[in-house]
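J.: need coordinates for the following:
(2 chains)
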2 protein chains.
Amino acid sequence: MSGTDSTQQPVIGGPRVILIEPQLGENIGAAARAMLNCGLTDLALVNPREGWPNQKAQVMASGATEVLDNARVFDTVEDAIAGLTRVYATTARPRDMTVRVTTPRHAAAELRTAWQAGEGLGILFGPERSGMTNEHIALADTVISVPLNPAYQSLNLAQAVLLVGYEWFAAASDTPAERLVETGTQPADKAELVAFFERFEAALDQGGFFRSPDMRPSMVLNLRAMLQRANLTEQEVRTMHGVVSCLTGSWRDTANQRRHRGEEDD
Amino acid sequence: MSGTDSTQQPVIGGPRVILIEPQLGENIGAAARAMLNCGLTDLALVNPREGWPNQKAQVMASGATEVLDNARVFDTVEDAIAGLTRVYATTARPRDMTVRVTTPRHAAAELRTAWQAGEGLGILFGPERSGMTNEHIALADTVISVPLNPAYQSLNLAQAVLLVGYEWFAAASDTPAERLVETGTQPADKAELVAFFERFEAALDQGGFFRSPDMRPSMVLNLRAMLQRANLTEQEVRTMHGVVSCLTGSWRDTANQRRHRGEEDD
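T.: Residues are numbered from 1 along each chain as shown, chains lettered A, B, ... in the order given. You can find the predicted model right below:
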């Protein structure tokens, strides 16, 4: 799925994403892409195994290298969270600890509220294979656990960043749940629509579509309901007028040809 | 993030995921993993470029090969959606067409309702590089567009599947937004908690913590509020009793040692 519009200003800021001992540069690059997808730009790396900077991270992060270029490297998680006031740890299952666990959606709402209040925020992600240790979880206020198929929960690092970041972005997105994407044309005025309905039905009358007068009212209602559901635009109503003209023209032509050939209409 | 529990029954079923002309086997494998993460198991491949079956898809899908093993291959999108009654197309930006566009969350709610009603459902994903064509979009009822940073929306195939699938899973998940994950121990009974408060405060009285009697009531309230926020478990209240015993024991021991050395308490 592509669709980056480079004329748009990037959405930036948000909680610090803290990758603890990430193993592979590629995964750091993929996480940076997922961050930028979600308007997150503050990346902290704790003791990355392959060192830093990392060429493989740069290659993988195509288009999101600004996130890598501004990344900071720390020796410990404690250093990476210094200056923050609220820290979440992302993990599938904390063990042998009593901890507060939230969904990404609930965490995102909390993070947005805290962000508005000017708090310093961070989200911890553990190493790819071994995941978060209890020592790291104990540095966080709250655990984020993504609800997924309990029989198959394993996510790679970038996917975990993406799902948590997606909820962060969605929590402040004003995208309507449902909309009609239009192309320079307006929704049809109801008067235009009704005028089309009447012309359409007149053409159907002429063509003998409503074979029984008893059936006509309900057939008309069903046709109108069907066309209403399509939410026609002004342009589409004009198109439909053209369709009717074309089809009735064909009927006339066919009828004329038949007359020329001396046949009767049937 | 790991955490698959292989003793859990997988969540299966859901809408058909239809990958249109996927270019690389690795991407098909990664998409299969994302599907199984979200309890989706019905995979359709339209004209996969590298043919089918594909060894690279198998390797990438580790743990989710059951999705690949049951995948069906079709020559056309029309064939892949035959038998379905409702089809969504996932794309960042439909062009030059007036189409109904929803968020993944809204689509997931609609899909769950239709699934309950027994409808056959499908979600289309376009090829990795070129994305969905308008011809494919015109086969769908509705477009799903993921709200992301407008300056950086590009997702890989598996990530698009993951975000749409995540919303499908979340729409029926009964995971509470917030919970305390405990480890075989109960939340503390309020009587136990109050008994601990009183013992704690008595120890503080003895140690001279409340220097001014005027300040004691508000200091006590603040201490209680702080401990209430921690939502202590039964076990943790016992632990805190031990902490108080230990610390008051230290004071006593220190006082005794000083007395042995002929010093005064200070």
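J.: what's the spacing between the nearest residue to residue A:48 once chain neighbours are set aside and residue B:203?
T.: Using C-beta to C-beta, 6 or more residues apart in numbering or on different chains and skipping residues adjacent in sequence, the residue nearest residue A:48 is residue A:22, 5.2 Å away. Using the backbone N, CA and C atoms, a C-beta is placed for each residue, glycine as well. Using C-beta to C-beta, to the nearest Å, residue A:22 is found at 46 Å from residue B:203.
J.: then residue A:113?
T.: The separation that residue A:113 has from residue B:203, given C-beta to C-beta, amounts to 37 Å.
J.: these two: which is more packed in?
T.: residue B:203 (15 against 11; other C-beta atoms under 10 Å in any protein chain shown).
J.: check contacts around that one.
T.: Residue B:203 makes contact with B:244, B:247-248 under the criterion C-beta atoms under 8 Å, 6 or more residues apart in numbering or on different chains.
J.: go with 6 Å
T.: Counting by C-beta atoms under 6 Å, 6 or more residues apart in numbering or on different chains, residue B:203 makes contact with B:244, B:248.
J.: quickly find the element holding it.
T.: Using DSSP states H and E, residue B:203 sits within helix B:190-207.
J.: which parts of that helix are buried?
T.: B:192-193, B:196-197, B:200-201, B:204 (16 or more other C-beta atoms under 10 Å in any protein chain shown).
J.: ok, for residue A:204, nearest residue in space, not its chain neighbours?
T.: Going by C-beta to C-beta, 6+ apart, residue A:204 has residue A:210 as its nearest residue, at 6.4 Å.
J.: do I have it right that the one you found meets residue A:217?
T.: No: with contacts counted by C-beta atoms under 6 Å, residue A:210 stays clear of residue A:217, the gap being 9.2 Å.
J.: more neighbours, those two?
T.: A direct count of neighbours by other C-beta under 10 Å for residue A:210 and residue A:217 places residue A:210 higher, at 15 against 10.
J.: what bridges to the closest residue to residue A:15 other than its chain neighbours?
T.: The shortest distance from residue A:15 to any non-neighbouring residue, by C-beta to C-beta, 6+ apart, is to residue A:121 (3.7 Å). On the basis of DSSP bridges, residue A:121 takes part in beta bridges with residue A:86.
J.: how far out from the middle of the chain is stretch A:79-92?
T.: 27 Å (C-alpha atoms, centre = their mean, to the nearest Å).
J.: quote the end-to-end distance of that stretch.
T.: Using C-alpha to C-alpha, to the nearest Å, one end of stretch A:79-92 lies 24 Å from the other.
J.: so what touches that stretch?
T.: Residues contacting stretch A:79-92 (C-beta under 6 Å, 6+ apart): A:18, A:44, A:46, A:74, A:107, A:114, A:119-125, A:132, A:137, A:140-144, A:153, A:160, A:164, B:1, B:3.
J.: for it, buried residues please.
T.: Result for stretch A:79-92 [16+ other C-beta under 10 Å]: buried residues A:80-81, A:84, A:86-92.
J.: among those residues, which ones are in helices?
T.: Taking DSSP state H as the definition of helices, the buried residues of stretch A:79-92 contribute A:80-81.
J.: which single one of the buried residues of stretch A:79-92 is nearest to residue A:235?
T.: Checking the buried residues of stretch A:79-92 against residue A:235 with C-beta to C-beta, the nearest one is residue A:90 at 47.2 Å.
J.: so what pairs up with the residue lying closest to the closest one once chain neighbours are set aside in the strands?
T.: Excluding its sequence neighbours, the residue lying closest to residue A:90 (C-beta to C-beta, 6+ apart) is residue A:144, at 4.7 Å. For residue A:144, the beta-bridge partners under DSSP bridges are residue A:90, residue A:102.
J.: and residue A:144, how many residues sit next to it?
T.: Residue A:144, neighbours per other C-beta under 10 Å, totals 27.
J.: pretty sure it sits against residue A:107.
T.: Yes: between residue A:144 and residue A:107 there is a contact at 4.7 Å, judged by C-beta under 6 Å.
J.: what is the neighbour count of residue A:123?
T.: Residues near residue A:123, counting by other C-beta under 10 Å: 27.
J.: gap between the helix or strand harbouring it and the chain center?
T.: Per DSSP H and E: residue A:123 is located in strand A:121-125. Relative to the mean C-alpha coordinate of its chain, strand A:121-125 is positioned 23 Å out (C-alpha atoms, centre = their mean).
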